[in-house]
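[1] Fold the following for me, if possible:
(one chain, ligands or ions: 3)
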Amino acid sequence: MAQARALARQIPLMYIMLVINSLVLAATHYGSAPDLMTVYIPGALTIVCVARLVFWWRRRNRLIDPVRARRTLNSMLWITGPLSLGFTGWAIALYPYGNSFQQSHIAFYMGITTIGCMFCLMHVRAASLLVAACVLVPFTLFFSSTGHAIFTALAVNMVVVVVALLVILLGNNRDFNALVASRSAMLQRQQETQRLSDENDRLANVDTLTGLPNRRSFDRHLAARLADAPAGGIAVALIDLDSFKSVNDIFGQITGDRVLIEVARRIDQLRRPSTFIARLGGDNFALIMDGPTSETLLQVCGDLVCSALRASFDMPGATIHLTSSVGFAASSVDDTAETLFDRADYATSVAKRDQRGKTVVFSERHAQEISKVRMLEHALHTADLDKELYILFQPQFDMVLKRTTGFEVLARWKSPLLGEVSPIEFIPLAERTGMICKITETVLRKALLVSKGLPRAMRLSVNLSAHDIGSATAIENIAAMVESVGRPRRIDFEITETAVMRDLVQANDALLSLLALGSRIALDDFGTGHSSLTHVQRLPLDRIKVDRSFVADVTHDTTSRAIVKTTIDLCRNLGISCVFEGIETEDQLQVLTGLGGSVMQGYLFGRPMREEMVHNHILTERRDWGSEPAQVFGNTG
Ligand code: C2E
Ligand code: MG
Ligand code: MG
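    Ligands and ions are numbered 1, 2, ... in the order given. Just a heads-up that it's a prediction; the model follows:
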């Protein structure tokens, strides 16, 4: 190809030179030689040359492929031989018609034109050689046979020059080939580098499991689409598979991967051409949609995704059922990629929390929720916990002993900025922001103070969070605080299953060090979390607190009743006690005692009360039940 390209530039020049030189030779012989020799033959040769010139001229800028380049070069070789012989024959044939000057002109014409042509053809070795052979052989033979010493000398000069020229051309030809080869090798390397860089780019932007764009690619697309779209023009959805972890746990990683691939396929099937789908990682997928983004439309889209993913996943050896929670958010004027993503993320967390398996579209209500949480966060962060936190006590009544045996300590927060804030709001917030350990410390300190003034048998139960259980330092602090009051120690602790689940070994260690203080451990809210028998069996528990949702239903719901009965039996078999929370009515109490329940907590026995009320409560109860003081203030602590 490089040869064909070089020739296309040089050959037209060669033909122009050849034609002009030949016509000049014909002109010097015009009149002395017949017209056939000075007009017709040179005319015919000129026509062939001009035709070839046009042919090459047209090709000079054309892109050429290897096949066509080879064909062009071959055709040129076929023409070079006859044409060289034609011109040589014609020039020699003119010799007899001229005088000495004209004959010298013929020799000069042949020599100089041959050198010129060989030069123009230097990139194609075969062509140069062919020209040299077709001219040099007849030239040398003819002029040495003329008998003129001058012409014989000319023939020798010609042979020497042409041979020297050939040596130079062959060297050039090699250099040319090497140059072309190195250039094409460089090009190949460049192409390979480009291919590798394209491949790297693709891998960096694709999720290898599902083949969908990954988080990185999603972030780039979101920023780009947001920049291009008019306000409210795009919407982002985050899709989160519910309880996908258990698919991996139960059916294994490979099946989990297959499910994810199928999830990606199902979502992809639903998409409009302009919708962008990505896997953000784990069981999280995301969509970027443009076009109308009304709340109703987004709800419909989300519902479509949810129902597509609700259909069973038929895997080899298992049929898996999943649900997915979807959160949608439409863009607004001053949105950045982060704020839009955060809103969709918030909608997904609301779906997961309140409407598992469904779609939540971010709305004004959610915006207000967020700003309220921000305010709460700020107020909690700047709160003087010692002053603002206070504790209430809710009695726990033993039906067998017929007396209150302890109180649950419940935290309350009265913020000077926001007023009374429920623990349902501030406890999860403190858990998220890591402030919960400080709260636990404050609550425990206040509870320890109160415990000193209580009868010896009266125990206080303090709630612990996942952070407390998960941190060895926090547990050490708690232990040090409890030990600092000396004996008797009357503090028990309540933990939830979610708190122990993260690290069962650390939880076990934490609980053992609390037990060593003489504290009892209760598993709180039993039945609402994972309710795993492993936890009940492996943790050093003293009691299980059955969640109040079961108590609320126990009078009319046979399932709740069966669960309550099973839990009572379980506790009896394990030799631990069972506490019921949230008893509000006599009916509930009757059913629970009928099933064998003994320790009760709920509004029926007393609402969470202040410290002063605790003493009243104990005294009143003693009077009402006519208990002997020794029974209440017994030295069992
Ligand atoms: P919990 O530990 O399960 O506490 C029982 C909750 O049920 C308390 O709500 C209590 O007031 C309420 N309750 C008790 N009896 C009844 C009843 O008969 N009917 C009804 N409807 N409710 C009843 P509270 O005080 O709002 O606490 C809510 C949750 O906040 C607690 O649930 C606990 O998880 C958390 N919490 C409260 N104080 C603390 C604390 O000091 N530390 C930690 N980590 N969590 C706390
Ligand atoms: Mg509790
Ligand atoms: Mg509870």
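
[2] can you list the weak-confidence ranges in the chain?
    Along the chain, the model assigns pLDDT under 70 to residues 231-232, 531, 625-637.

[3] ok, longest helix in it?
    helix 149-205 (DSSP state H).

[4] Going along the chain, name the helices of the stretch 251-400 of the chain.
    253-270, 295-310, 337-354, 364-381, 385-388 (DSSP state H, counting those that start in this stretch).

[5] Nearest to ligand 1, out of those helices?
    Within the helices of the stretch 251-400 of the chain, the stretch nearest ligand 1 is helix 385-388; the backing value is 11.3 Å (C-beta to the nearest ligand atom). C-beta here means a position set from N, CA and C on the backbone, and glycine is covered the same way.

[6] Briefly note if that closest one comes near ligand 1.
    No. Applying C-beta under 6 Å from any ligand atom, one finds helix 385-388 separated from ligand 1 by no less than 11.3 Å.

[7] circling back: which helices and strands does the longest helix of the chain pack with?
    Packing contacts for helix 149-205, counted by 3 or more C-beta pairs under 8 Å, 6 or more residues apart in numbering; DSSP states H and E, involve helix 2-29, helix 100-120, helix 125-145, helix 215-228.

[8] Give the burial count for the closest residue to ligand 1 within the stretch 451-600 of the chain, as a bare number.
    As assessed by C-beta to the nearest ligand atom, ligand 1 sits closest to residue 463 within the stretch 451-600 of the chain, at 3.5 Å. Neighbourhood size, residue 463 [other C-beta atoms under 10 Å]: 23.

[9] Give me the nearest residue to it, chain neighbours excluded.
    residue 494 (4.8 Å; C-beta to C-beta, 6 or more residues apart in numbering).

[10] what sits opposite the one you found in the beta ladder?
    residue 463, residue 522 (DSSP bridges).

[11] That one contacts residue 460, correct?
    No. Using C-beta atoms under 8 Å, residue 494 is not in contact with residue 460; the gap is 10.7 Å.

[12] tell me, what's touching those two both at once?
    Here residue 494 and residue 460 have residue 408 as joint contacts, going by C-beta atoms under 8 Å, 6 or more residues apart in numbering.

[13] which parts of the one helix or strand residue 568 maps to are buried?
    Taking DSSP states H and E as the criterion, residue 568 maps to helix 558-574. Within helix 558-574, the residues scored as buried using 16 or more other C-beta atoms under 10 Å are 560, 561, 563, 564, 565, 567, 568, 571.

[14] Output it as CSV, nothing but the C-alphas.
    Presented in CSV, the C-alpha positions along helix 558-574 are these (Å, rounded to 0.1, in the frame of the first residue of the first chain):
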residue,chain,number,x,y,z
THR,A,558,-55.1,-17.6,67.6
THR,A,559,-51.7,-17.3,65.9
SER,A,560,-50.5,-14.7,68.4
ARG,A,561,-51.8,-17.0,71.2
ALA,A,562,-49.9,-20.0,69.8
ILE,A,563,-46.7,-17.9,69.5
VAL,A,564,-47.1,-16.7,73.1
LYS,A,565,-47.7,-20.3,74.3
THR,A,566,-44.7,-21.6,72.4
THR,A,567,-42.5,-18.9,73.8
ILE,A,568,-43.6,-19.6,77.4
ASP,A,569,-42.8,-23.3,76.8
LEU,A,570,-39.5,-22.4,75.3
CYS,A,571,-38.6,-20.3,78.3
ARG,A,572,-39.7,-22.9,80.7
ASN,A,573,-37.6,-25.6,79.0
LEU,A,574,-34.6,-23.3,79.0
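
[15] what's next to it, contact-wise?
    526-527, 536-537, 541, 543-544, 546, 550-551, 553-554, 577-578, 580, 591-592, 595-597.

[16] Of the residues you listed, just the buried ones, ChimeraX syntax please.
    To isolate the buried ones among the contacts of helix 558-574 in ChimeraX, judged by 16+ other C-beta under 10 Å, type:
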select :526,527,536,541,543,544,546,550,551,553,554,577,578,580,591,592,595,597
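
[17] still on that earlier bit, quick check: which of the helices of the stretch 251-400 of the chain is buried the most?
    Highest mean neighbour count of these: helix 337-354, a mean of 19 (counted as mean count of other C-beta atoms under 10 Å).

[18] Distance from the longest helix of the chain to the middle of the chain?
    48 Å (C-alpha atoms, centre = their mean, to the nearest Å).

[19] how about the residues of the stretch 251-400 of the chain near ligand 1?
    Checking the stretch 251-400 of the chain against ligand 1 by C-beta under 6 Å from any ligand atom, the hits are residue 394.

[20] Residue in the stretch 251-400 of the chain with the shortest distance to ligand 1?
    For the stretch 251-400 of the chain, C-beta to the nearest ligand atom, closest residue to ligand 1: residue 394, 5.5 Å.

[21] Report the separation between that residue and residue 607.
    Taking C-beta to C-beta, to the nearest Å as the measure, residue 394 falls 7 Å from residue 607.

[22] list the contacts for the residue nearest to residue 506 when sequence neighbours are not counted?
    The spatial neighbour of residue 506 that comes closest, neighbours along the chain excluded (C-beta to C-beta, 6+ apart), is residue 470 at 6.1 Å. If you count contacts by C-beta under 8 Å, 6+ apart, residue 470 has them with 499, 502, 503, 506, 507, 510.

[23] If any of those are buried, give me the ChimeraX selection for them.
    To isolate the buried ones among the contacts of residue 470 in ChimeraX, judged by 16+ other C-beta under 10 Å, type:
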select :499,507,510
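
[24] okay if I get the contacts of residue 470 as TSV plus distance to ligand 2 and secondary structure?
    Output for the contacts of residue 470, formatted as TSV (distance: C-beta to the ion, whole Å; DSSP: H, G, I helix; E, B strand; the rest coil):
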residue	distance to ligand 2	secondary structure
499	11	helix
502	19	coil
503	21	coil
506	21	helix
507	17	helix
510	17	helix
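
[25] and of the contacts of residue 470, the nearest to residue 481?
    Nearest to residue 481 among those: residue 510, at 14.5 Å, using C-beta to C-beta.

[26] for the helix or strand harbouring residue 443, which positions count as buried?
    Taking DSSP H and E as the criterion, residue 443 maps to helix 436-451. For helix 436-451, burial by neighbour count (16+ other C-beta under 10 Å) applies to 436-444, 446-448, 450-451.

[27] can you list the residues that contact that helix?
    385-386, 389-391, 393, 409, 411, 427, 430, 458, 460, 462-465, 467-468, 471, 474, 477-478, 481-482, 484-485, 490-491, 611, 614.

[28] and the lengthiest strand in the chain with ligand 3, contact?
    In the chain, assigned by DSSP state E, the strand with the most residues is strand 403-415. No. Using C-beta under 5 Å from the ion, strand 403-415 stays clear of ligand 3, with a minimum separation of 8.1 Å.

[29] So which residues on this structure come close to ligand 2?
    Residues of the chain lying near ligand 2 (C-beta under 5 Å from the ion): 463, 494, 524.

[30] Any figure for the gap between the closest residue to residue 109 other than its chain neighbours and residue 112?
    Of all residues not flanking residue 109 in the chain, residue 25 sits nearest, at 4.8 Å (C-beta to C-beta, 6+ apart). Using C-beta to C-beta, residue 25 is found at 11 Å from residue 112.

[31] Of these two, which one has the most company?
    For residue 25 versus residue 112, the count of surrounding residues by other C-beta under 10 Å is larger for residue 25: 24 against 14.

[32] Residue 91 is in contact with the more buried one, correct?
    Yes. Assessed by C-beta under 8 Å, residue 25 is found in contact with residue 91 at 6.7 Å.

[33] Find residues that contact each of those two.
    Taking C-beta under 8 Å, 6+ apart as the criterion, residue 25 and residue 91 both touch 106, 109.

[34] re the thing from before, could the buried residues of helix 558-574 go into JSON lines alongside distance to ligand 3?
    What follows is the buried residues of helix 558-574, written out as JSON lines (distance: C-beta to the ion, whole Å):
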{"residue": "560", "distance to ligand 3": "16"}
{"residue": "561", "distance to ligand 3": "19"}
{"residue": "563", "distance to ligand 3": "15"}
{"residue": "564", "distance to ligand 3": "15"}
{"residue": "565", "distance to ligand 3": "20"}
{"residue": "567", "distance to ligand 3": "14"}
{"residue": "568", "distance to ligand 3": "17"}
{"residue": "571", "distance to ligand 3": "16"}
